[in-house]
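J.: Sequence and predicted structure are below.
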Amino acid sequence: MTTPSTSQPTPTTAPAAAVTAAGGDGAPGRLGSLGPVGLVLAGGISVQFGAAVAVTLMPRAGALGVVCLRLFAAAVILLVVCRPRLRGHSRADWGTVVVFGITMGAMNGLFYEAVARIPLGLAVTLEVLGPLALSVLASRRLVNALWAGLALAGVFLLGGGDFSGLDPVGVGLALGAGAMWATYIIFSARTGRRFPQADGLALAMAVAALLFLPLGIAEAGGKLLDPTTLALGSSVAVLSSVLPYTLELLALRRLPAHTFAVLMSLEPAIAATAGFLILDQALSVAQAAAVALVIAASIGAVRTQAGRRRRAAAGLQEAEAAVALQEAGKGSAS
């Protein structure tokens, strides 16, 4: 469940940065030998195959039960590893981390409810529209209307002109997850500025886990304590949270942020592949074309924003050089 944002850190980038702070530089050499692109792709594969495993777990625990298990296991791991400091934070700090946790829980809950109703690849494609819309709106450039148009064309194809062929509730839930994803990006950045290292992420994950604990118990009850269910839920937490964050952490040390975001744009295709291999969810030609259009829109938006940042940086360097020359001229004249 990761997607590029051209204006804020990505959902996966923020946790990856947190793991960087928490885990130090002692990364396994074998993982690093994959190369940064290989690490990002491996992380994306881990996330989407983790989501596919979660779908197979839903008959046992339900969508909310799976979310509860994933968030709870991830929170335990992060709290043990990060050991966040509870004192010394302002009321605004706690407000930010609580909203971040609520957003995280809502994003996961809506997404898993969506994949319980529509194919995984299509759910991720619809979810991607949230961060893509945030990127286009934040950029305020005319060229991004092209990327928005491509994305809308993909959505049109996805429904075959309408969404009668797809569960409309699933479509709405996936779009809601995308809106929460965009909100997640904003509050991920705010939490990172207010809390040191991985403290904010760990605390927000705990908030999300506590939020979903009663919902998971209400839906699954004692099934959550079944050893097989617990094992599968923990594997989803590792595949969809811990492992990809670690892989992305290693990649981001050697990979430009915009390149990382472009690679993240491939998530819908990876999700569709995972859905086909594990869940036997094949896409029609029109649906595959829709996924391709949304991927193209995401890549285009990221590359446009990255080019804008490079031009702005080059202009700043030129201005600084001109000022330095002027100062040198004044010095020689005096």
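T.: Yep, that arrived. Note that the coordinates shown come from a computational prediction; the quantities given were computed from them, not determined experimentally. Residues are numbered from 1 along each chain as shown.
J.: Where do the helices of the stretch 101-250 of the chain begin and end?
T.: With helices called from DSSP state H, counting those that start in this stretch, the stretch 101-250 of the chain shows them at 120-139, 144-158, 168-194, 199-220, 227-237, 243-252.
J.: buried sites along the third one?
T.: Residues of helix 168-194 classed as buried by neighbour count (16 or more other C-beta atoms under 10 Å): 170-192, 194. C-beta coordinates here come from the backbone N, C-alpha and C atoms, glycine included.
J.: That helix to helix 199-220, inter-axis angle?
T.: 150 degrees (axes from the mean of the first three to the mean of the last three C-alpha atoms, to 10 degrees).
J.: Packing partners of helix 168-194?
T.: helix 13-23, helix 91-115, helix 120-139, helix 199-220 (3 or more C-beta pairs under 8 Å, 6 or more residues apart in numbering; DSSP states H and E).
J.: just so I know, which of those lies nearest Val55?
T.: helix 91-115 (5.6 Å; C-beta to C-beta).
J.: Please identify the buried residues of that closest one?
T.: So for helix 91-115, counting by 16+ other C-beta under 10 Å, buried means 93, 96-115.
J.: Adding mean pLDDT and distance to Leu64, write the helices and strands packed on helix 168-194 out as CSV.
T.: Shown next, in CSV, are these (pLDDT from 0 to 100; distance: least, C-beta to C-beta, whole Å):
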stretch, mean pLDDT, distance to Leu64
helix 13-23, 38, 22
helix 91-115, 91, 6
helix 120-139, 76, 16
helix 199-220, 89, 4
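J.: Out of those helices, which is closest to Ala54?
T.: helix 91-115 (6.3 Å).
J.: quick check: angle from the closest one to helix 168-194?
T.: Going by the same axes, to 10 degrees, helix 91-115 makes 150 degrees with helix 168-194.
J.: Which neighbouring elements make contact with helix 91-115?
T.: Looks like helix 91-115 contacts helix 36-82, helix 120-139, helix 168-194, helix 199-220 (3+ C-beta pairs under 8 Å, 6+ apart).
J.: Can you tell me which of those helices is packed in deepest?
T.: Among the helices and strands packed on helix 91-115, helix 120-139 has the highest mean neighbour count (mean count of other C-beta atoms under 10 Å), at a mean of 26.
J.: Quick one, which of the helices and strands packed on helix 91-115 gets closest to Phe276.
T.: helix 120-139 (7.8 Å).
J.: Need the helices of the stretch 101-250 of the chain in CSV (columns: distance to Ala75).
T.: What follows is those, written out as CSV (distance: least, C-beta to C-beta, whole Å):
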stretch, distance to Ala75
helix 120-139, 22
helix 144-158, 33
helix 168-194, 15
helix 199-220, 4
helix 227-237, 9
helix 243-252, 14
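J.: Quick check: which of those is nearest to Cys68?
T.: Minimum separation from Cys68 across these (C-beta to C-beta) falls at helix 199-220, 2.5 Å.
J.: I'd like to know which elements that closest one is packed against.
T.: helix 13-23, helix 36-82, helix 91-115, helix 168-194.
J.: Go again with 10 Å.
T.: helix 13-23, helix 36-82, helix 91-115, helix 168-194, helix 227-237 (3 or more C-beta pairs under 10 Å, 6 or more residues apart in numbering; DSSP states H and E).
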